[in-house]
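Enquirer: Next one to model:
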Amino acid sequence: MYQPIENYGLIGNMRTSALVGTNGSIDWLCLPHFDSPSIFAAILDEHKGGRFAISPLDPEVTCRQLYWPQSNVLITRFQSCHGVAEIIDFMPVTSGRTGPKALELVRKVTGLGGRLRLRLTCRPAFNYAQDTHETTITKAGACFHSSTQSLGLATNVALESDGTGVTGDIALDEGETAVFVLQQIEGGAGCGLPFTADQAERAFAETVGFWRRWLGRCSYTGRWREMVHRSALVLKLLTFEPSGAIVAAPTCSLPEVVGGIRNWDYRYVWVRDAAFTVYALMRVGFSQEAGRFMEWIHERCRQPNPDGSLQQMYTLNGEKKMPERVLEHLEGYRGSGPVRIGNAAHTQLQLDIYGALMDSVYLYNKYGSPISYELWKNLRRTINWVCNNWQREDEGIWEVRSGPRHNVYSKLMCWVALDRGLRLANKRSFPADLELWLKTRDAIYEQIMEKGWNPRRQAFVQSYGSEALDAANLIMPLVFFLSPTDPRMLKTVDAVNSSPSRGGLTAHGLVHRYNPEQSADGLEGTEGSFSICTFWLVEALTRAGRVDEARLLFEKMLSYANHLGLYAEQIGRCGEALGNFPQAFTHIALISAAYNLNKALDNNRG
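Expert: Alright, predicted model coming up:
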C-alpha cells in the first residue's frame, strides 16, 4: 500500500534528502545529490522502486513521528501492547562546507519498553530501478554493487540476502539498540567501514548541535514560532551546500491529482523559487544563505544565454540542460503515470524571474551585504535585456504548456525588475541608463493598468484579453506595485476570494492558482489548491487591514500541514497532500505571511 504523501518526514544534509514514512520505510533517496538517480523510490513504484524499511511485525501498532527539537533529526515511534521502540533517522552534517561526506544515512533503533519485534528490509533499486545489482553479505553488514553505483550497509544486526536485498529481524529489550549506516562506496570496491553505536551517537550529537546552532540565528520571535522555525529548517534542507543553490523540492513526479498526468521533476533550481527563498530566510535573520545564493546567481549572470537572457531554471551545478523523459517502467505514485525526470520547462521563456531575482538582490544589498560592482555590471546587462524584451509573450510562473501569452504576472515582475534596479542604482550610485529604465518601468505600469485590468470581471486577470483570474496577481501589493487598499486591488482580492461557483478561485479557504476550465494550460485533468496562493491571500488581506479575516484563514491553513509541519505543493479536496513534497514555495509563503500577519496583529494591539 502506498503511504499518503503527508505521512512522510524529511531528513537531509544539504546535498540530498530522504523521505521516511510513519511506517518506518525510507521510500525516496537519491545519491549523492538531490538530482542524482534514485536509490530508493518505492513512493513512485511500490514493487520496483526500492526501499529501506524498519517496520514492526505486530499489526496492532501505533506509529508516531516527531522531530528532535530544533533539528532535522527525525524520530519514528512504534507502540503496541507488547513493547515500544523508536527509530532515529538523520544524515550527518557539520557547520563547515567540507564536513563528513553527504553519503551517510544513519538509522538507530532503540527499545523503550517491553519487547517489540521489527523487520528490516533494505532493497536498493539503482538508477531509478533501471540497473541490476549484486548483493553480498559481509561481517560488517552488506554490499550492493551495480554497474554505476555501490552501497555499503554497516550494522550490528545479522542479515540475510534474498538476491536483490537483505532482511533482518530485530527484537529489542528496553535500552538495547541496533544501528544501520548506509554509505556510498567510492570506486565500487570494498564495503565501507563498520559503524559502531558510539560513532552513531557522536554523529547524532554533532548533527543535532549543527541544526540547533543554525536555528539559533533565527530572529523571529512572534506568533506561530514553531511553524516558522520548521519552515526555515525545511528551506535550509533544500539548499545545496556545495554551490549555494536552492532546489524547489526534493522529489519528482508526485502527482498534482492522483491518477493524473501532472507529474513533474522539481529537483532543480528555479531562479524564482530560490530568490523567494532568499527573501523568506532574510526575513527571519538568515543572511548567510542569501550570500551563498548571491554567489550562485553571480555565476549564472556571468554566463547568460547568447541573447543576454537568463534561464529560468538550472541544475544544482548551474548547467542549463535537463531534458525531460518518461520512465515507462515505473507505475507512478498510486498508479499516477507518467513518471518524469528532467523538466522541459527549462526551454520556456518566463519573464517573471527577473523581478524575483532583482527583488532578492535589492533586499540582500539592503539587509545583508552591499553587492559588488562586478555583480552590478551583470545585473545591469540583465535589466537592459528586460527593457528590450518585456513586451514578449511568455509561459509565465505556472509554466503552462498551451503556448505563450501576455501574462499579467510576468509584466508585473518585469516592472519589479526595473523598479528594484532603479532603487539599487540610486542607493549605491551605480552607473546605469536611468532614463531608459524609468521610461520602461512607467510604460509597463501603464500597460498593466490598461490591459491587465478587466472591467467586466472587476479584477486583474491572468493575461491580456482574458476573462480568467490568476491568484499570482495577489502579489501586487506585496511587491509595492499597488497600494493594498487601492480599489482595483481590493476588488481583485474579493474576486479571487470568492468560490469557484461564483467565478472565484477559493474553495473552503483554499486558493487555486487558476481555473483550468477558464484558462487552458495544455494539460488534461484538474489539480488541487495551490498552497502558496492561500498564503498570498493571507498577506493581501493583512495588508488591506482585514486582519481578523487574514488570521482565521492563516490558522485554517496551518491545520493542513502534516504531523511534522510539512507542506506539499498542493492540497486535494479531501485535505490530502498533492504534488512534490515538501515544497519550498509553500514554506516560503508561510514565513512571509506569518511575519507580516504577526506584525499587523502587534500594531493593532498597540
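Enquirer: could you show me where the helices are in the chain, in order?
Expert: With DSSP state H, the ranges of helices along the chain come out as 126-129, 197-215, 225-237, 271-283, 287-302, 353-367, 373-389, 408-428, 434-447, 487-496, 531-543, 547-558, 584-605.
Enquirer: Buried deepest among the ones you listed, which one?
Expert: helix 531-543 (a mean of 26; mean count of other CB atoms under 10 Å). Placement of C-beta: from N, CA and C, glycine included.
Enquirer: by contact count, what packs against it?
Expert: helix 487-496, strand 510-511, helix 547-558, helix 584-605 (3 or more CB pairs under 8 Å, 6 or more residues apart in numbering; DSSP states H and E).
Enquirer: right, and the helices of the chain - which one's nearest residue 32?
Expert: Between residue 32 and the helices of the chain, the shortest gap by CB to CB is with helix 126-129, which sits at 12.8 Å.
Enquirer: can you give me the mean pLDDT across stretch 18-36?
Expert: Averaging pLDDT along stretch 18-36 gives 97.
Enquirer: what comes up buried for it?
Expert: Buried residues in stretch 18-36, counted by 16 or more other CB atoms under 10 Å: 18-31, 33-36.
Enquirer: end-to-end on that stretch?
Expert: Stretch 18-36 has an end-to-end distance of 12 Å (CA to CA, to the nearest Å).
Enquirer: Hmm, residue 239 is touching residue 233, no?
Expert: No. Judged on CB atoms under 8 Å, residue 239 makes no contact with residue 233 at a distance of 11.0 Å.
Enquirer: Among the buried residues of stretch 18-36, which ones are in strands?
Expert: 18, 19, 20, 21, 25, 26, 27, 28, 29, 30 (DSSP state E).
Enquirer: List the contacts of the third one.
Expert: Contacts here follow CB atoms under 8 Å, 6 or more residues apart in numbering; on that basis residue 20 touches 8, 9, 10, 11, 26, 65, 74, 76, 89.
Enquirer: now with 6 Å?
Expert: By CB atoms under 6 Å, 6 or more residues apart in numbering, residue 20 lies in contact with 9, 26, 74, 89.
Enquirer: With the second one instead?
Expert: Under the criterion of CB under 6 Å, 6+ apart, the neighbours of residue 19 are 8, 27, 28.
Enquirer: Kindly provide the distance from the last one to residue 11.
Expert: Residue 28 sits at a distance of 11 Å from residue 11 (criterion: CB to CB, to the nearest Å).
Enquirer: so what pLDDT did the closest residue to residue 133 other than its chain neighbours get?
Expert: With CB to CB, 6 or more residues apart in numbering as the criterion, residue 133 has its nearest non-adjacent residue at 3.8 Å, and that residue is residue 146. Reported pLDDT at residue 146 in the predicted model: 93.
Enquirer: pretty sure residue 146 is touching residue 131, no?
Expert: Yes. If you go by CB atoms under 6 Å, residue 146 and residue 131 touch, sitting 4.4 Å apart.
Enquirer: From the neighbour counts alone, determine which of these two ranks first.
Expert: residue 146 (18 against 14; other CB atoms under 10 Å).
Enquirer: what's near enough to touch that one?
Expert: Applying CB under 6 Å, 6+ apart, the residues contacting residue 146 are 126, 131, 133.
Enquirer: just those now: which is nearest residue 563?
Expert: Nearest to residue 563, judged by CB to CB, of the contacts of residue 146 is residue 126 at 31.2 Å.
Enquirer: surely the closest one meets residue 149?
Expert: Yes. Residue 126 sits in contact with residue 149 when judged by CB under 6 Å, with a separation of 5.4 Å.
Enquirer: so how many other residues sit close to residue 168?
Expert: 20.
Enquirer: pLDDT wise, what is it at?
Expert: For residue 168, the model assigns a pLDDT of 95.
Enquirer: So which of the helices of the chain is nearest residue 334?
Expert: Across those, the minimum distance to residue 334, taken as CB to CB, is reached by helix 126-129, at 16.8 Å.
Enquirer: Now find how far off-centre that closest one is within its chain.
Expert: Taking CA atoms, centre = their mean, to the nearest Å, one finds helix 126-129 lying 23 Å from the centre of the chain it belongs to.
Enquirer: Same question for stretch 411-431.
Expert: Centre-to-centre, stretch 411-431 and its host chain are 28 Å apart (CA atoms, centre = their mean).
Enquirer: Distance of residue 436 relative to residue 430?
Expert: 14 Å.
Enquirer: on that earlier part again, which one of the helices of the chain lies closest to residue 478?
Expert: Nearest to residue 478, of the helices of the chain and by CB to CB, is helix 531-543 at 5.7 Å.
Enquirer: out of the contacts of residue 20, which one sits closest to residue 441?
Expert: Using CB to CB, those come closest to residue 441 at residue 9, 44.9 Å.
Enquirer: So the closest one versus residue 242, what's the distance?
Expert: 24 Å.
Enquirer: More neighbours: the two, which one.
Expert: residue 9 (23 against 15).
Enquirer: Dig out what that one forms beta bridges with.
Expert: Applying DSSP bridges to residue 9 gives these bridge partners: residue 20.
Enquirer: So it is in contact with residue 564, correct?
Expert: Yes. Here residue 9 lies in contact with residue 564, judged by CB under 6 Å, at a distance of 5.1 Å.
Enquirer: What separation do you get for residue 179 and residue 86?
Expert: 13 Å.
Enquirer: Between the two, which has more neighbouring residues?
Expert: residue 179 (23 against 19).
Enquirer: which residues does the more buried one contact?
Expert: Residues near residue 179 by CB under 6 Å, 6+ apart: 108, 197, 200.
Enquirer: closest to residue 469 among these?
Expert: Residue 469 lies nearest to residue 108 out of these, by CB to CB, at 50.2 Å.
Enquirer: Next one: the closest one relative to residue 174, how far apart?
Expert: In terms of CB to CB, residue 108 sits 15 Å off from residue 174.
Enquirer: Then residue 214?
Expert: 33 Å.
Enquirer: quick revisit: TSV please, covering the ones in strands among the buried residues of stretch 18-36 and showing distance to residue 536.
Expert: TSV is the format used below for these (distance: CB to CB, whole Å):
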residue	distance to residue 536
18	30
19	27
20	30
21	31
25	35
26	34
27	31
28	28
29	32
30	31
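Enquirer: Apart from its neighbours in sequence, what residue is nearest residue 369?
Expert: Leaving out its chain neighbours, the residue that sits closest to residue 369 by CB to CB, 6+ apart is residue 291, at 6.4 Å.
Enquirer: What of residue 224?
Expert: For residue 224, ignoring the flanking residues on the chain, the nearest one in space by CB to CB, 6+ apart is residue 594 at 4.9 Å.
Enquirer: wouldn't the one you found be in contact with residue 228 here?
Expert: Yes. If you go by CB under 6 Å, residue 594 and residue 228 touch, sitting 5.2 Å apart.
Enquirer: Paired strands for the longest strand along the chain, with orientation please.
Expert: Longest strand in the chain, counting residues (DSSP E): strand 105-114. Each strand paired with strand 105-114, and its direction, by DSSP bridges: strand 83-90 (antiparallel), strand 177-184 (antiparallel).
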